[in-house]
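**Student:** I would like to see how this sequence folds:
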Amino acid sequence: MSAAAQAAEKGKVYLVGAGPGDPDLITWRGLELIRSADVILYDNLASPSLLSHARPDAETLYVGKKRALHQLSQQQINELLAAKARQGLAVVRLKGGDPYVFGRGGEEAEALIAAGVEFEVVPGVSSALGAAAYAGVPLTHRSRTSAVTFVTGHEADAIDWQRLGHTETLVIFMGLTAFDAIADRLIAAGRAPHTPAMAVRWATRPCQQTVVGRLDDLGAKIEAAGLRPPALIVVGEVVALREKLDWYERLPLFGRRILITRPAGQAADFAARLRRLGAEPIEAPTIEIRPPDDWAPLDAAIAALGDYDWLIFTSRNGVDRFLERLDASPRDLRAVRGKIAAIGPATAQRLEQLHLKVDVLPDDFVAEGLLAALDAEDLRGQRILIPRALQARETLPAELAARGALVDVVPAYQTVEPPDAAERLQAIFEGEDKPDWAVCTSSSTVRNLAKLVGPERLAGVRLCSIGPITSQTARELGLPVAAEANPYTMEGVLEALLQAVRTS
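**Tutor:** Residues are numbered from 1 along each chain as shown. Okay, the predicted model is just below:
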């Protein structure tokens, strides 16, 4: 059994802090447990993207509690945790922030002890720490404050504000709707009305919203901004440092919602880079990579692999599917005799990971660029194998044949519409908060996006294309292209987005 599979013991509950919202702030131990759990019970404040790390067969149950809507009562959650553990399952209770900082983790731990169930607590980054760091406000500062108090404002009348009134930095959880009353009590207790104060909603997420004011006017500013829970409030002189130390909301893509249409499993790295630049990546694949309907043409080509003078790969998917089929045959990479050409750096990198040298890599990563790079080669009578998508442009094989080459084009995979794509995209586009950008990395991704969403609902969403071929397809579908990558890579897509945002 792998180390990951052993990470979570059976018949045990793990109270895991998911952090304040940014999925990258999960602890290593927390992520390890998410990956190995049999059951995950998650709440409203835990980032949904963390669930993408769960095993495909893991059971995920939403047990969130909002102010006016509780999916389950706390007692029901306690009972469910114990029941799942008694079934011999590894259970993760994924909680926003830290389980023991206003997370009711202590109550759940007590209930598990009473039920005779073993448990472990995995700390998380508290929303107080996340909000302070991502809003540019250190909770302590050598020249401004040496004390911090965390307090819940959920029941303002239950707190001794007279005793807390002179606390240097005051962090108030769940106090947004009661802040006017809290501010009155603090001022009555002797806190200066002009004390800097701020409210932060959805801290550490690209939708983070920060309102800054003073103790005596922050309530009015919260109302004017339409700020709603979940939010956290900080009162103290350290708030004045935000103007200087704010870094997160100044990131170049902060707040932009960017739809990624790449196939599932191929968008994670790009999504992570977008998050680090302040954007909210929305993974909604419009294509899915599947095997061709018939493996026979590729199998026959692999059986005659030693006869080919050239192998040309037009995508990383083609390399991977070719390799899978090669592994399923009696042959291996020693059967490759011919030279190798790749249409772009990602494809070349994948080949090099297999210890295959790429002989030809064009400057322009399209069929026309590869043809230009092959101008110096005498291809007359040369046998060329192109394992590629079932549906693809015919420019490359047609021109190679015109140069006298004997070209075998064999399907190594096909792209189809994902079964859940329509439902997922409908959920994304049905509200007012549509994506700001849609990134399309092939003609098939943009075709399916237009088909599934429709040009009308795409109005106002700026489209970023990976290159001229994809851009041409988009324009033929009536979709204007706001940015185009150059070079035609994911790195180029990122730079095109940054340039477009800078100049908008």
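**Student:** which element is residue 91 on?
**Tutor:** Applying DSSP states H and E as the criterion places residue 91 in strand 90-95.
**Student:** which helices and strands sit right next to that strand?
**Tutor:** Contacts of strand 90-95 with other secondary structure elements, assessed using 3 or more C-beta pairs under 8 Å, 6 or more residues apart in numbering; DSSP states H and E, are made with strand 12-17, helix 28-36, strand 39-42, helix 74-86, helix 105-114. C-betas here are computed from N, CA, C, even on glycine.
**Student:** mind doing that once more with 6 Å?
**Tutor:** Strand 90-95 sits against strand 12-17, strand 39-42, helix 74-86, with contacts defined as 3 or more C-beta pairs under 6 Å, 6 or more residues apart in numbering; DSSP states H and E.
**Student:** just name the most buried of the ones you listed.
**Tutor:** Mean neighbour counts were taken over these using mean count of other C-beta atoms under 10 Å, and the top value, a mean of 26, falls to strand 12-17.
**Student:** so the residue lying closest to residue 494 once chain neighbours are set aside: helix, strand or coil?
**Tutor:** Counting by C-beta to C-beta, 6 or more residues apart in numbering, residue 273 is the residue found nearest to residue 494 once chain neighbours are left out, at 6.2 Å. When the structure is reduced to helix, strand and coil (DSSP: H, G, I helix; E, B strand; the rest coil), residue 273 reads as helix.
**Student:** what's the burial count for residue 273?
**Tutor:** Each residue near residue 273 was counted by other C-beta atoms under 10 Å, and the total is 16.
**Student:** out of the helices and strands packed on strand 90-95, nearest to residue 325?
**Tutor:** Across the helices and strands packed on strand 90-95, residue 325 has its closest neighbour in strand 39-42 (35.7 Å, C-beta to C-beta).
**Student:** give the next helix or strand downstream of that closest one.
**Tutor:** Heading C-terminal from strand 39-42, the first helix or strand you meet, by DSSP H and E, is strand 59-62.
**Student:** domain parsing for the protein?
**Tutor:** Under the assignment automatic domain parsing, the domains of the chain span 12-124, 129-250, 257-287+418-503, 290-415.
**Student:** dump those into JSON lines; add mean pLDDT as well.
**Tutor:** Rendered in JSON lines, the data for those read as follows (pLDDT from 0 to 100):
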{"stretch": "domain 12-124", "mean pLDDT": "93"}
{"stretch": "domain 129-250", "mean pLDDT": "94"}
{"stretch": "domain 257-287+418-503", "mean pLDDT": "94"}
{"stretch": "domain 290-415", "mean pLDDT": "94"}
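**Student:** picking that back up, now distance to residue 95 too, for the helices and strands packed on strand 90-95, in JSON lines please.
**Tutor:** Written out in JSON lines, the entries for the helices and strands packed on strand 90-95 read as follows (distance: least, C-beta to C-beta, whole Å):
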{"stretch": "strand 12-17", "distance to residue 95": "6"}
{"stretch": "strand 39-42", "distance to residue 95": "8"}
{"stretch": "helix 74-86", "distance to residue 95": "10"}
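**Student:** right, and these - which one's nearest residue 241?
**Tutor:** Proximity to residue 241, assessed across the helices and strands packed on strand 90-95 by C-beta to C-beta, is greatest for strand 12-17 (26.3 Å).
**Student:** list the neighbouring strands of that closest one plus their orientation.
**Tutor:** Partner strands and pairing direction for strand 12-17 (DSSP bridges) are strand 90-95 (parallel), strand 118-122 (parallel).
**Student:** residue 494 and residue 474, how far apart?
**Tutor:** Separation of residue 494 from residue 474 (C-beta to C-beta, to the nearest Å) stands at 19 Å.
**Student:** same check on residue 18?
**Tutor:** In this structure, residue 18 and residue 474 are separated by 37 Å, where distance is defined by C-beta to C-beta.
**Student:** which stretch of helix or strand covers residue 385?
**Tutor:** Take DSSP H and E as the rule and residue 385 turns out to sit in strand 383-389.
**Student:** what's that strand in contact with?
**Tutor:** Outside strand 383-389, the residues within contact range by C-beta atoms under 6 Å, 6 or more residues apart in numbering are 301, 307-312, 314, 318, 322, 400, 405-410, 412-413.
**Student:** pairing partners for it, with directions?
**Tutor:** Counting by DSSP bridges, the strands paired with strand 383-389 are strand 310-313 (parallel), strand 406-416 (parallel).
**Student:** after it comes which helix or strand?
**Tutor:** The helix or strand immediately downstream of strand 383-389 is helix 395-402, counting by DSSP H and E.
**Student:** angle of that next one against strand 406-416?
**Tutor:** Angle between the axes of helix 395-402 and strand 406-416 is 170 degrees (criterion: axes from the mean of the first three to the mean of the last three C-alpha atoms, to 10 degrees).
**Student:** what helices and strands are in contact with helix 395-402?
**Tutor:** For helix 395-402, the elements it packs on are helix 367-373, strand 406-416, judged by 3+ C-beta pairs under 6 Å, 6+ apart.
**Student:** restricting to C-alpha, output that helix in CSV.
**Tutor:** Provided in CSV are the C-alpha atoms of helix 395-402 (Å, rounded to 0.1, in the frame of the first residue of the first chain):
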residue,chain,number,x,y,z
THR,A,395,-2.4,21.1,-43.7
LEU,A,396,0.6,19.2,-42.4
PRO,A,397,0.1,15.8,-44.0
ALA,A,398,-1.1,17.2,-47.3
GLU,A,399,2.0,19.4,-47.7
LEU,A,400,4.3,16.6,-46.6
ALA,A,401,2.7,14.3,-49.2
ALA,A,402,3.2,17.1,-51.8
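**Student:** in that helix, which residues are buried?
**Tutor:** For helix 395-402, burial by neighbour count (16 or more other C-beta atoms under 10 Å) applies to 396-397, 399-400.
**Student:** and stretch 212-222, by the same measure?
**Tutor:** Across stretch 212-222, burial judged by 16+ other C-beta under 10 Å covers 212-216, 218-219, 221-222.
**Student:** cool, and stretch 344-364?
**Tutor:** So, applying 16+ other C-beta under 10 Å, buried residues of stretch 344-364: 344-348, 350-351, 356, 358, 360-362, 364.
**Student:** what does stretch 260-267 give?
**Tutor:** Using 16+ other C-beta under 10 Å as the test for burial, stretch 260-267 gives 260-263, 266-267.
**Student:** about what we covered before: can you say which of the helices and strands packed on strand 90-95 is nearest to residue 123?
**Tutor:** Where these are weighed against each other on C-beta to C-beta, the nearest is strand 12-17, at 5.3 Å.
**Student:** number of nearby residues for the closest residue to residue 18 other than its chain neighbours?
**Tutor:** Nearest residue to residue 18, sequence neighbours excluded (C-beta to C-beta, 6+ apart): residue 46, at 3.8 Å. Residue neighbour count, defined by other C-beta under 10 Å, stands at 28 for residue 46.
**Student:** residue 46 touches residue 93, doesn't it?
**Tutor:** No - taking contact to mean C-beta atoms under 6 Å, the distance of 9.8 Å between residue 46 and residue 93 leaves them out of contact.
**Student:** first-to-last residue distance for stretch 227-238?
**Tutor:** The first and final residues of stretch 227-238 sit 22 Å from each other (C-alpha to C-alpha, to the nearest Å).
**Student:** cool, and stretch 239-251?
**Tutor:** In terms of C-alpha to C-alpha, the two terminal residues of stretch 239-251 are separated by 20 Å.
**Student:** now stretch 375-384
**Tutor:** Distances were taken as C-alpha to C-alpha; on that basis the terminal residues of stretch 375-384 are 15 Å apart.
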